[in-house]
Structures are given as structure tokens and as C-alpha cells.
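>>> Sequence and predicted model, in that order:
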Amino acid sequence: AAEMTPEDRQRETQREASRGALIKAYKGNILERSEVINYLYEIGYSEQAADLYVTTADLDIEDDITDKKIDTIHDMYVRRLLDRSEAVGRLGALNLPGKQSDALMANWDVEKDSRTNRPSKSELFKMFKLNIISEGTLRDELEGLGYVEKTIGLYLQMIKAG
């Protein structure tokens, strides 16, 4: 193959830039598929290459839409607007590979669990005083809030003292 001249390199750079602009216009619904293929052909791409570039752009568009749908399902699931079976069903409707759906759900379960709200210390004390929760539940919940056994014992003495 002959070495490219500076002019050849410049033409090739311009052709690639034009291709990028055409594909961007297609992805933005500014140009139709047939228009883009014709323009690509006019600037020196074969029909097969032009078709491949536009088909790749179609796949990119589909991937972007799928990613947005996954993000929506994620947000609804971790905010408890969908239960697990609804989220799995919606992911299934996207025809994702099973491994991908399983991995998404596993990650989302961890995130959902970490977002679980717990009653505050004062709410727990009030529930205990009203006999809504037992002393054992109070101890467990305070441990869950990060209190050590010694401090929990002191709180119980305080509550019982009145």
C-alpha cells in the first residue's frame, strides 16, 4: 500500500469527521437512515460500510433506551415502588441476559437494604414506654443504630427510672 500524502490524510480526517457528524444527526433524528447511507456513500464509503455504521448507530440508540429503562426500574425498586417480582418482570421484558438481570437484582438488593430507614433512638424509647416493643427488641434496634451494650444498659436504667 502506498503511503498517504498529507493531503490524503487530511481528506481522510475530513471524511471521518463528516461520518461522525452524519451519525450524530441520525441519532438525533435529524436525518433519516436512507439519507445518512446516501451521504456516506457520496463521501466515499461503500454501501456495506455505510449500512454498518447506521446499524451500529441503531444499536447504540437501543442500548441508550434500555439503559434508561434499567435506571428507571432500579430507582423504583430501591425506593420500594416496585417489589422484587415486579422489578424482575420488567427486566425480563427488556430481554436482558439472565446473568445480567441476576447481577442487577443482587446489587439492587444490597442497595435497597442499605437504604432501609430505622426508627430513631427517641422513637424507640417512646415505643418501649408505650409497650409497643419489648426490651429485647429495644436492645436489638439500639445495637442496629450502633450503640454498644454498656450504653444500651444505661439507657434502659434511665428509661425505667422515669
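Thanks, I have it.

>>> Number of residues surrounding Arg139?
Residue crowding around Arg139 was assessed by other Cβ atoms under 10 Å; the count is 19. Every C-beta, even on glycine, is put in place using the N, C-alpha and C of the backbone.

>>> measure the closest residue to it other than its chain neighbours to Glu141 for me?
Once flanking residues are discounted, Arg139 sits nearest to Ile152: 5.5 Å by Cβ to Cβ, 6 or more residues apart in numbering. Distance, Ile152 to Glu141, using Cβ to Cβ, to the nearest Å: 10 Å.

>>> same thing with Thr56?
Taking Cβ to Cβ as the criterion, Thr56 is separated from Glu141 by 54 Å.

>>> Kindly report the same for Leu130.
When Leu130 is compared with Glu141 (using Cβ to Cβ), they lie 15 Å apart.

>>> more crowded one of those two?
Neighbour count, other Cβ under 10 Å: between Leu130 and Glu141, Glu141 has more, with 20 against 8.

>>> Kindly state the pLDDT recorded for the more buried one?
Note for Glu141: predicted pLDDT of 92.

>>> can you list the residues that contact stretch 154-162?
By Cβ atoms under 8 Å, 6 or more residues apart in numbering, the residues outside stretch 154-162 that reach it are 121, 125, 128-129, 135, 138-139, 142, 147.
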